[in-house]
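A.B. asks: Here's my sequence, what's the structure:
(2 chains)
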Protein chains: 2
Amino acid sequence: MAKIARLTGALALGGLMATAVLAESHIDPAVQRAVDARQAHMTLYSFNLGTLGGMAQDKIPYDAAMAGTAASNLAALGSVDQAGYWIEGTDAGTIEDTRAKAEIWTDMADFEEKAMALTNASAALAEVAGTDLDSLKAAFGDVGKACGACHETYRVSDD
Amino acid sequence: MAKIARLTGALALGGLMATAVLAESHIDPAVQRAVDARQAHMTLYSFNLGTLGGMAQDKIPYDAAMAGTAASNLAALGSVDQAGYWIEGTDAGTIEDTRAKAEIWTDMADFEEKAMALTNASAALAEVAGTDLDSLKAAFGDVGKACGACHETYRVSDD
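C.D. replies: Next up is the predicted model:
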């Protein structure tokens, strides 16, 4: 949102709209589908993490059933193979509307390791999230760390 | 895309942009997250169905590993609990940028049954998609039927 606000300040709305239309028309449909898919995957991580993180941080009341469902969802999403999303030439230096750094492709083994850390942490969280709040809190830390480790290294910063 | 083209013809770009900004600012953030999540879920169905449907329709060559992965992904997505997405008051008559019909909430048992049909068909497809093309084709039919049955009844038509 900060990026959008800066752009709006720098460009007339009409120009911004024209740029968006132009950019969309020039991107390969297969590339667009891959980028849309990985962003959709992140949206679903975020949706379920919102519930779990809210409980872990005492911002919303602990509900065992809701916690168990959100953690199971996260684990199921973690089991989805992402290879189809991360196609070459879809980094932020090459295409618009992505924050994926080029290092994803130069350091793919490490990227995959960091992705696997989230999958494993999510599976561990799913085992205990429905037990009690303390168990959720204990297991949620590794999920948060896995998210952060990958974003810090492979996602263009917001600021 | 047809809808967008019609809108562009009827409205000046500036007006369209202003409408979009206004609509976004008026929606409850929790509602927006739910709508974003269900649309993201559909994007991921579509991404994997593109691979499987392309093979089923002989538009792309059959690849056992790719087929198996896409079908496993579809089955994993089918196992994700969607209850958090379909919150009351998020139909196309109430909010913008959704094609969800109000009938989803008045006929929820049938909606859930139709969603379960896709989950079951996806699980069955995942069992055989990596075996050979004929098995994929045989199992893909039920997946396509499940998609269509739900969209015909519960999604606002494109035309």
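A.B. asks: Nearest the middle, which residue of chain A would you pick?
C.D. replies: A:Met42 (3.1 Å; CA atoms, centre = their mean).
A.B. asks: how close does it get to B:Ala67?
C.D. replies: 25 Å (CB to CB, to the nearest Å). Quick note: C-beta positions are derived from backbone N, CA and C, even for glycine.
A.B. asks: just to revisit the earlier point, regarding the residue nearest to the centre of chain A, which helix or strand does it belong to?
C.D. replies: Per DSSP states H and E: A:Met42 is located in helix A:29-56.
A.B. asks: how far off helix B:29-56 does that helix point, in degrees?
C.D. replies: 140 degrees (axes from the mean of the first three to the mean of the last three CA atoms, to 10 degrees).
A.B. asks: Please determine whether helix A:29-56 lies in contact with chain B.
C.D. replies: Yes: counting by CB under 8 Å from any CB of the partner chain, chain B has neighbours in helix A:29-56: A:33-34, A:36-37, A:39-41, A:43-44, A:46-47, A:50-51.
A.B. asks: what does the strand or helix carrying A:Asp142 rub up against?
C.D. replies: Here A:Asp142 sits within helix A:133-154, counting by DSSP H and E. With CB atoms under 8 Å, 6 or more residues apart in numbering or on different chains as the test, helix A:133-154 has contacts from A:45, A:49, A:52-53, A:55-56, A:62, A:67, A:71, A:74, A:100-101, A:103-104, A:107, A:110-111, A:114-115, A:117-118, A:121-122, A:124-125, A:127-129.
A.B. asks: ok, back up a step: identify the residues contacting the helix or strand following the helix holding A:Met42?
C.D. replies: Using DSSP H and E, the helix or strand that follows helix A:29-56 towards the C-terminus is helix A:64-78. With CB under 8 Å, 6+ apart as the test, helix A:64-78 has contacts from A:41, A:44-45, A:48-49, A:51-52, A:55, A:118-120, A:122-123, A:125-126, A:129-132, A:136, A:143, B:76-77, B:79-81, B:83-84.
A.B. asks: now chain A, which segments are flagged as low pLDDT?
C.D. replies: In the predicted model of chain A, residues A:1-25, A:159 satisfy pLDDT under 70.
A.B. asks: how does it look with 80?
C.D. replies: A:1-26, A:159 (pLDDT under 80).
A.B. asks: Count the neighbours of A:Gln57 for me.
C.D. replies: Using other CB atoms under 10 Å in any protein chain shown, A:Gln57 has 11 neighbouring residues.
A.B. asks: again, but for A:Gln32
C.D. replies: When counting by other CB under 10 Å, one arrives at 14 neighbours for A:Gln32.
A.B. asks: Same check on the one 5 residues further on?
C.D. replies: One way to gauge burial is a neighbour count; for A:Ala37, by other CB under 10 Å, it gives 23.
A.B. asks: which non-adjacent residue is nearest it?
C.D. replies: Of all residues not flanking A:Ala37 in the chain, B:Phe47 sits nearest, at 4.0 Å (CB to CB, 6 or more residues apart in numbering or on different chains).
A.B. asks: ok now do the one you found, which residues does it touch?
C.D. replies: Contacts of B:Phe47 (CB under 8 Å, 6+ apart): A:Arg33, A:Ala34, A:Asp36, A:Ala37, A:Ala40, A:Gly84, A:Tyr85.
A.B. asks: buried set for the helix holding A:Met42?
C.D. replies: A:31, A:33-45, A:47-56 (16 or more other CB atoms under 10 Å in any protein chain shown).
A.B. asks: do stretch A:140-159 as well
C.D. replies: Neighbour-count burial for stretch A:140-159, with 16+ other CB under 10 Å as criterion, is recorded at A:Phe140, A:Asp142, A:Val143, A:Gly144, A:Ala146, A:Cys147, A:Cys150, A:Tyr154, A:Arg155.
A.B. asks: What of stretch A:83-92?
C.D. replies: Buried residues in stretch A:83-92 (16+ other CB under 10 Å): A:Gly84, A:Tyr85, A:Trp86, A:Thr90, A:Asp91.
A.B. asks: of those, closest to A:His26?
C.D. replies: Lowest distance from A:His26 to the buried residues of stretch A:83-92 (CB to CB) belongs to A:Thr90, with 13.8 Å.
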